[in-house]
Each structure stands twice: as structure tokens, then as C-alpha cells.
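Q: Prediction below, plus the sequence it came from.
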Amino acid sequence: MKTTRFSPALLGASFSRRDGDTGGGSTAIFDSTNTISLFSSPPAIVDASESQEIWRVSSATAVLAPGSYIFRVNIDDTANADATFVDVTPVPEPGTAAFLAGALALCLRRRK
């Protein structure tokens, strides 16, 4: 994953247990060398006493500086993971908001 400016990022996944044991996991963003964890979602754990049909979501939000990143899913040996996601929202150029406001004003202006 690569960003070209500071951008909010949402990441996560759903986890369930299997094989009669407690299981779960989390997600993380690492630097481009895959050696430094920059941030991670909290662990989502499903206890062995709970149904295997239960899925728990682990998610987190952070702001990423421009650059390249690695998305990693951390999963227990006794867990399943599904619906992993990374959503990086691009932040518009500073001039974009002014341009859109001007265009909207022109569209809404009444003709005489």
C-alpha cells in the first residue's frame, strides 16, 4: 500500500475460533521494510466457551505519512480470519475545497 500525502487509514479483520480452543487475532501496519510496526488494531478474541459461529472485528484508525507500507494480519493457530480490509482515504489538495465551493456557488446562483 502506498500513500502520496498524509491520509487517514482504517484497517481491520474479523476473527473466529476453531478446533475447540480460544482464538483470535489483530491487524497491523508496518513500514516498507516490514520490520517496524507503526500501529495495530487491538486483539479480537473468541473464548473456547463461545460458539464457533461468533466473529469479532478488530479495527483501528491512524494517519499515515506519505510512503509505502505493509499490511499484516496476525492470527492465532486456533483462529480463522475473514473480511480483512484497509481503507486509505485520500485528503484533497488544499485548493480543491476552494474550487468546489466556487463551483457550487456558481451552480446555486440565480439568474436574473
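A: Received the coordinates, thanks. What you see is a predicted model; the values in this text were computed from it and never measured.
Q: Need the pLDDT of residue 90.
A: With respect to pLDDT, residue 90 scores 71.
Q: hey, where'd the strands end up in the protein?
A: With DSSP state E as the criterion, the chain has strands at 2-3, 7-17, 23-31, 37-40, 44-46, 56-64, 67-75, 79-88.
Q: What sits closest to residue 59 if chain neighbours are left out?
A: Closest residue to residue 59 apart from its sequence neighbours, by Cβ to Cβ, 6 or more residues apart in numbering: residue 12 at 3.0 Å. (Glycine included, C-beta is placed from N, CA and C.)
Q: ok, that neighbour - how many residues close by?
A: Residue 12 has 21 neighbouring residues, counting by other Cβ atoms under 10 Å.
Q: For it, give the beta-bridge partners.
A: Following DSSP bridges, residue 12 is listed with bridge partners residue 59, residue 85.
Q: pLDDT at it, what is it?
A: Looking at residue 12, its pLDDT stands at 94.
Q: Quick check: it touching residue 82?
A: No - with contacts counted by Cβ atoms under 8 Å, residue 12 stays clear of residue 82, the gap being 11.2 Å.
Q: Tell me which residues touch the closest residue to residue 50 other than its chain neighbours, please.
A: Counting by Cβ to Cβ, 6+ apart, residue 50 lies nearest to residue 17, which is 7.1 Å off, once chain neighbours are set aside. Going by Cβ atoms under 8 Å, 6 or more residues apart in numbering, residue 17 touches 23, 24, 46, 47, 48, 50, 52, 54, 78, 79, 80.
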